[in-house]
Each structure stands twice: as structure tokens, then as C-alpha cells.
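>>> how does the following fold in three dimensions:
(one chain, ligands or ions: 1)
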Amino acid sequence: MSAVVQECRNCRSLLFPARLFCPVCGEDSFSTVAAEDGTVEQTTTLSDGTVLATLGINGGLRLIARLTGSAPEPGQRVPLTNDPVAGSGANAYIPIPPNLNEDQS
Ligand SMILES: [Zn+2]
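Have a look, this model is predicted:
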């Protein structure tokens with residue numbers, strides 16, 4: 001299980017959500033890298049019961065994901081996944097395709 005984020009091929013900045021141009025260096029060439037897990041920084045519960053979390057991942061990138069399974073505490077590391085029905089325990093679901101904006105060369 002993992003989620004996918006963009007990495008700028010010029011300056012190696014990690015980006016999420018996907019961009020057309022790197023906001024750091026202006027280049028438009030990206031690869032995708034897998035993010036295996038993230039650390040829960042904050043959570044919020046929507047009126048329909050959906051729980052969203054701000055997660056920090058390696059490299060300093062922060063992203064927002066939907067939590068599934070059991071509710072983690074802030075500071076807990078949870079696995080990232082593109083599967084909305086990932087296994088038991090806490091998971092952070094990010095619904096993006098694995099080839100979004102990836103160069104095909
Ligand atoms: Zn860049």
C-alpha cells in the first residue's frame with residue numbers, strides 16, 4: 001500500500017496535489033514517487049462522519065487524506081493507500097491515479 005506524489009525532476013521538490021509546473025523552480029518535468037506512510041498532525045470530522053487528516057510525510061510535504069478504519073491519535077504514523085477499502089486499522093486514503101502528470105519518457 002502506498003500513495004503517489006509528484007517529484008520535480010529538476011529540484012526534487014515533492015508536490016501534492018499534482019501540479020502542472022513546479023512552484024519552486026518553474027520546471028514542468030515530474031516523476032511520481034510512492035509515499036508509504038505519514039504522521040497524523042490534525043484531524044477534522046465532517047458532518048457526514050468522514051474524517052480528514054493533515055499528514056506529514058518524509059521530505060516535509062504535507063497532504064490531506066481521508067482516514068479509514070480506526071481513528072489514529074495525532075503523532076501516530078499511518079499507512080497511505082490509494083485503496084478506499086484498505087485493510088483493518090487506520091489508513092489514509094488518497095484518490096489519485098498513479099500516473100497523474102507523470103512524464104512518459
Ligand atoms: Zn522544481
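>>> ok, residue 77 touching residue 35?
No. Contact status for residue 77 versus residue 35: not in contact, 11.6 Å apart, counting by Cβ atoms under 8 Å. Placement of C-beta: from N, CA and C, glycine included.
>>> the more surrounded of those two?
Shown here are residue 77 and residue 35; by other Cβ atoms under 10 Å, residue 35 has more neighbours (23 against 16).
>>> quick check: the gap between the residue nearest the centre of the chain and the ion.
Nearest to the mean C-alpha position of the chain, by Cα atoms, centre = their mean, lies residue 63 at 5.1 Å. As judged by Cβ to the ion, to the nearest Å, residue 63 and the ion stand 17 Å apart.
>>> got a pLDDT number for that residue?
The model reports residue 63 with a pLDDT of 91.
>>> any idea how far residue 50 is from the ion?
33 Å.
>>> what do you get for residue 75?
From residue 75 across to the ion, the span is 30 Å (Cβ to the ion).
>>> buried ones in stretch 69-85, by neighbour count?
69, 72, 77-82 (16 or more other Cβ atoms under 10 Å).
>>> is the residue nearest to the centre of the chain in a helix, a strand, or coil?
The assignment at residue 63 comes out as strand when based on DSSP: H, G, I helix; E, B strand; the rest coil.
>>> who touches it in this structure?
Listed by Cβ atoms under 8 Å, 6 or more residues apart in numbering, the contact partners of residue 63 are 3, 5, 16-17, 35, 38, 54-55, 57, 94.
>>> who is it paired with across the strands?
On the basis of DSSP bridges, residue 63 is bridged to residue 55.
>>> any chance of the buried residues of stretch 69-85 in a markdown table with pLDDT as columns?
Formatted as a markdown table, these follow (pLDDT from 0 to 100):
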| residue | pLDDT |
| --- | --- |
| 69 | 82 |
| 72 | 84 |
| 77 | 92 |
| 78 | 91 |
| 79 | 90 |
| 80 | 88 |
| 81 | 85 |
| 82 | 81 |
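>>> closest one of these to residue 48?
Nearest to residue 48 out of those is residue 69 (Cβ to Cβ; 17.0 Å).
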